[in-house]
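1. when you get a sec, could you give me coordinates for this:
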Amino acid sequence: MADNPIPAFLHALLQPGFYDHPVHEVELIQTHISWVLLAGDYVYKFKKPVNFGFLDFSDLAKRHHYCEQELFLNRRLCPDIYIGLIRVTMDDTAHFQLNGKGEVVEYGVKMKRMPEDRMMVNLIRTGQLTAAHIEDLATVLADFYHRAEHGENIAKFGTAAAVGVNILENFEQTASFIGQGALSQKQYDSIVRYSRSFLANEALFQRRIDGGYIRDCHGDLYSANICLADKVYIYDCIEFNERFRYSDIASDVAFLVMDLEFHGLNELARLFVDRFVEKTGDSGLLEMLNFYKCYFAYVRGKINLFTAADPAIDPETRNQCNRNAAIYFSLAQRYAET
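-> Numbers count the residues shown, from 1 in each chain. This is a model prediction of the structure:
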């Protein structure tokens, strides 16, 4: 992969003339699991052929399945963004096309491109995120969770044991990074100790189950996946593993709160929690927030480490990911020691 990190079909899609709509320039964005192409008024997203255990996109059939899941699940919150499944095909002359004839070499998802200046991350960066935005987010999310699927099959993911699988997996997957700069042994030990202690309170998790708060949630609710334009758009939920999406509503809420605090927006974070509790009556989530904030700060640290370790990532992105990872792990430690 290090010798040829970009597959042949992506080289074709990087050419503006490849598309059947106006494209002046194609921008490629990479994460640890995806290639995202910004092309004119549209976004084309492809899954990398990776297997991290908790996520398996290793063969074409799996990537096809999870593209369909991505469309189905994300249309719950923003049906007008997700256009449909696309096929990259190759004919007998090794010429690539979108939805053409010949062998299907890859599947992807086509989306409408949202205005960059209204992305929540950019509003945060430019100091334009307001209390009104937070009010709108609380309203949309309260309605979403009220309608979200729930039941016995989903509720079992809210037990302390089930949540513990996700928590402890993070620690296993990051153990090899300890002492390499972003994560110290002291931080690791503190966060592990706190998490295990909280998970021992099985009755607290059971109360959340009994209250009906375990739902088919978003699973990746933070500013990178939100656009605040003519209305609230929340996209890119977890499609690849149900155990990250079937969760306590408090878990989703905590992720967004953690993200706001990561950016130093503590007052807006408190406002979001207050408004969400007012709209849902779920004051019990307050007992869970710190635990899940710690969890998601650690998750974001882990993902930044994974991205930095990808040989296809450019040096500037690698350095930024390592810096971000260090900040996230420090934040997780702060939650653990609060």
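
2. name whatever forms a beta bridge with the closest residue to residue 15 other than its chain neighbours.
-> Leaving aside its chain neighbours, residue 15 sits nearest to residue 26 (7.1 Å; criterion: CB to CB, 6 or more residues apart in numbering). (Each C-beta comes from the backbone N, C-alpha and C, glycine too.) In this entry, residue 26 is beta-bridged to residue 39, by DSSP bridges.

3. do the one 4 residues further on as well
-> Following DSSP bridges, residue 30 is listed with bridge partners residue 35.

4. quickly note the distance from it to residue 224.
-> Distance, residue 30 to residue 224, by CB to CB, to the nearest Å: 14 Å.

5. equivalent analysis for residue 104, please.
-> For residue 104, the distance to residue 224 - CB to CB - is 30 Å.

6. ditto for residue 86
-> Residue 86 is 22 Å from residue 224, by CB to CB.

7. out of residue 30 and residue 224, which sits in the busier spot?
-> Remark: of residue 30 and residue 224, residue 30 carries more neighbours, 17 against 13, as counted by other CB atoms under 10 Å.

8. quick check: closest non-adjacent residue to the residue positioned nearest the centre of the chain.
-> Nearest to the geometric centre of the chain sits residue 220, at 3.4 Å (CA atoms, centre = their mean). Among residues not flanking residue 220 along the chain, residue 238 sits closest, at 5.2 Å (CB to CB, 6+ apart).

9. show me the contacts for that neighbour.
-> Residue 238 sits next to 218-220, 244-245 when contact means CB atoms under 8 Å, 6 or more residues apart in numbering.

10. next, give me the two most distant ones among those residues.
-> Within the contacts of residue 238, 218 and 244 form the most distant pair, 9.8 Å apart (CB to CB).

11. between these two, which is the more surrounded one?
-> Per other CB under 10 Å, whichever of residue 218 and residue 244 has more neighbours is residue 218, with 29 against 20.

12. which helices and strands sit right next to the helix or strand encompassing residue 247?
-> Using DSSP states H and E, residue 247 sits in strand 246-248. Here strand 246-248 touches strand 214-216, going by 3 or more CB pairs under 8 Å, 6 or more residues apart in numbering; DSSP states H and E.

13. now the residue nearest to residue 15: how far from residue 17?
-> 10 Å.

14. ok, now residue 205?
-> Going from residue 205 to residue 17 by CB to CB gives 55 Å.

15. what of residue 147?
-> Separation of residue 147 from residue 17 (CB to CB): 43 Å.

16. do the same with residue 329
-> As judged by CB to CB, residue 329 and residue 17 stand 44 Å apart.

17. neighbour count: those two, which is higher?
-> Neighbour count, other CB under 10 Å: between residue 329 and residue 17, residue 329 has more, with 25 against 7.

18. mind checking what secondary structure the more buried one has?
-> Following DSSP: H, G, I helix; E, B strand; the rest coil, we place residue 329 in the helix state.

19. just give the closest residue to residue 262, not the sequence neighbours.
-> In space, residue 262 is closest to residue 331, 6.0 Å off (CB to CB, 6+ apart).

20. could you verify my assumption that the one you found touches residue 297?
-> Yes. With contact defined as CB atoms under 8 Å, residue 331 reaches residue 297; the gap is 4.3 Å.

21. identify the contacts common to these two.
-> Here residue 331 and residue 297 have 258, 262 as joint contacts, going by CB under 8 Å, 6+ apart.

22. for residue 311, what are phi and psi?
-> Per-residue torsions, residue 311: phi -60, psi -20 (degrees, to the nearest 10).

23. now it: how far from residue 186?
-> 30 Å.

24. just residue 5 next, same as before
-> Going from residue 5 to residue 186 by CB to CB gives 35 Å.

25. how about the strands in the stretch 101-250 of the chain?
-> Ranges of strands in the stretch 101-250 of the chain, per DSSP state E, counting those that start in this stretch, are 103-112, 214-216, 226-228, 232-234, 246-248.

26. could I get the full set of helices for the stretch 1-150 of the chain?
-> 8-13, 60-74, 120-125, 131-147 (DSSP state H, counting those that start in this stretch).

27. oh sorry, the question was meant for the stretch 151-300 of the chain
-> With helices called from DSSP H, counting those that start in this stretch, the stretch 151-300 of the chain shows them at 152-155, 160-174, 185-199, 202-210, 242-245, 249-262, 266-280, 289-309.

28. in a markdown table: those helices, plus mean pLDDT.
-> As requested, the helices of the stretch 151-300 of the chain are exported to a markdown table (pLDDT from 0 to 100):
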| stretch | mean pLDDT |
| --- | --- |
| helix 152-155 | 97 |
| helix 160-174 | 96 |
| helix 185-199 | 98 |
| helix 202-210 | 98 |
| helix 242-245 | 95 |
| helix 249-262 | 98 |
| helix 266-280 | 98 |
| helix 289-309 | 95 |
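
29. give me whichever of these is most buried.
-> Of all the helices of the stretch 151-300 of the chain, helix 249-262 carries the top mean neighbour count, a mean of 25, counting by mean count of other CB atoms under 10 Å.

30. quick one: contacts of stretch 327-336?
-> For stretch 327-336, contacts defined as CB under 8 Å, 6+ apart pick out 182-184, 187, 190-191, 193-195, 258, 261-262, 290-291, 293-295, 297-298, 300-301, 304.

31. great, nothing more from me.
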